[in-house]
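In: Sharing a model prediction with you, sequence too.
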Amino acid sequence: MASNAPPPPPSGSGPLSPPGPRPVMLSEEPFAGYEDYEFFRVTQPNLFVAHVEIHRPSKHNAFSEPVWLEFGSIFRRLARDPNVRSVVLSGAGERAFTSGLDVKAATEGPLAGLDGQDVARAATVLRGHIGEFQDCISSMDTVGKPVVAVLHGICVGLGIDIACCADVRFCTTDVRFAVKEVDIGMAADIGSLARLPKIVGSQSWVREVCFTARDFGAEEAERVGFVSKVCLSKSEALVQAIGLATLIAEKSPVAVQGTKEILQHARDHSVEDNLRFTAVWNGAALQSSDFKSSLLSGFTKKKPKFEKL
């Protein structure tokens, strides 16, 4: 006999219910000190949580040089800000997280005049330009604080580079991913080829999507481990991401930032090297007041409060 029960939701699409306070709605007030950016909105939805929104919806949040320079400026500032312990990154509008590089702006920019130049001199200019671009996007990877990315709609090319810099990735059911660079005649050069193989366990899958530039969706991204949660809508994904970022921000900043630093080191070093690194790190961290407060809270049953870092 056929069941009248509704079908189950997609894997990972249920509401996130971490312990801790219920997340509030997104603040429309700029985060103090971050009001003057042209292409991004930075708000504070909860204490110690920054929400960075790529805000170029009429261009599908595409990145030109001024956009990625601002991106680097914001994340370098967040790295130094004691009022920020976790970050949520999203894209404005309903159509795209980001469509990647603004190709039209790139062809009309300062690199457009390289034709006819001496090869070595043109290569020197290009190398400097690419290096600066890489450093700006990598500032998200090196920010030192957990970053939760909300990926929706179009997320291709540079969008994958940026997503790979996040610690946690949530996406929506309508997302369309692609490592798109080979379709414009180049190898991806802002981080996807370096980071994606370390995020996803299957080298075969990584090479397939990078060689072909084919699209892949939410279900496939979750299956291979590129994202950890699929949500039915962008608004749901944002609520869940802010809930997770809020939970992280309530923890000891010494412990959380230390954990991220050690995980980043482990990604790029041997187990033996990482164990030595961890021993040196905790040799200092275990002397912090955060460690003592956290231990005492287990006996007193009172939630510990941690000083800014």
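Out: Nice, thanks for sending it over. Numbering: from 1, shown residues only.
In: and Ala241, how many neighbours?
Out: The local packing of Ala241 (other Cβ atoms under 10 Å) involves 29 other residues. No exception for glycine: its C-beta is placed from N, CA and C like everyone else's.
In: now do Val119
Out: Neighbours of Val119 under the rule other Cβ under 10 Å: 8.
In: Could you do Leu47 as well?
Out: Each residue near Leu47 was counted by other Cβ under 10 Å, and the total is 11.
In: Where do the helices of the chain begin and end?
Out: Chain-ordered helices for the chain, with DSSP state H as the definition, fall at 65-80, 103-108, 119-141, 158-164, 192-199, 203-212, 218-224, 234-249, 253-268, 271-285, 289-300.
In: right, and these - which one's nearest Phe170?
Out: helix 234-249 (4.8 Å; Cβ to Cβ).
In: How far off centre is the helix-or-strand element of the chain with minimal mean pLDDT?
Out: When the helices and strands of the chain are scored by mean pLDDT, DSSP states H and E, helix 103-108 comes last with a mean of 77. Taking the mean of its C-alpha atoms, helix 103-108 sits 25 Å from the chain's own mean (Cα atoms, centre = their mean, to the nearest Å).
In: which residues touch it?
Out: For helix 103-108, the external contacting residues (Cβ atoms under 8 Å, 6 or more residues apart in numbering) are Ala62, Ser64, Glu65, Ile184.
In: distance of Glu108 from Val209?
Out: Glu108 is 30 Å from Val209, where distance means Cβ to Cβ, to the nearest Å.
In: So between the two, which is more surrounded?
Out: Relative neighbour count places Val209 above the other of Glu108 and Val209, with 22 against 11, counting by other Cβ under 10 Å.
In: Give me the local confidence score for the most centrally placed residue in the chain.
Out: When the chain is reduced to its mean C-alpha position, the nearest residue by Cα atoms, centre = their mean turns out to be Ala166, at 2.7 Å. You'll see Ala166 listed with a pLDDT of 99.
In: which two of the contacts of helix 103-108 lie the greatest distance from each other?
Out: Largest separation among the contacts of helix 103-108 by Cβ to Cβ: Glu65 and Ile184, giving 17.0 Å.
In: How about the contacts made by Lys308?
Out: The contact partners of Lys308, taken as Cβ under 8 Å, 6+ apart, are Pro82, Asn83, Pro253.
In: same thing but 10 Å
Out: When contacts are counted by Cβ atoms under 10 Å, 6 or more residues apart in numbering, Lys308 is found next to Phe48, Asp81, Pro82, Asn83, Val84, Arg85, Pro253.
In: Report the mean per-residue pLDDT for stretch 176-189.
Out: Confidence over stretch 176-189, taken as the mean pLDDT, stands at 96.
In: what does stretch 124-138 give?
Out: When the per-residue pLDDT values of stretch 124-138 are averaged, the result is 94.
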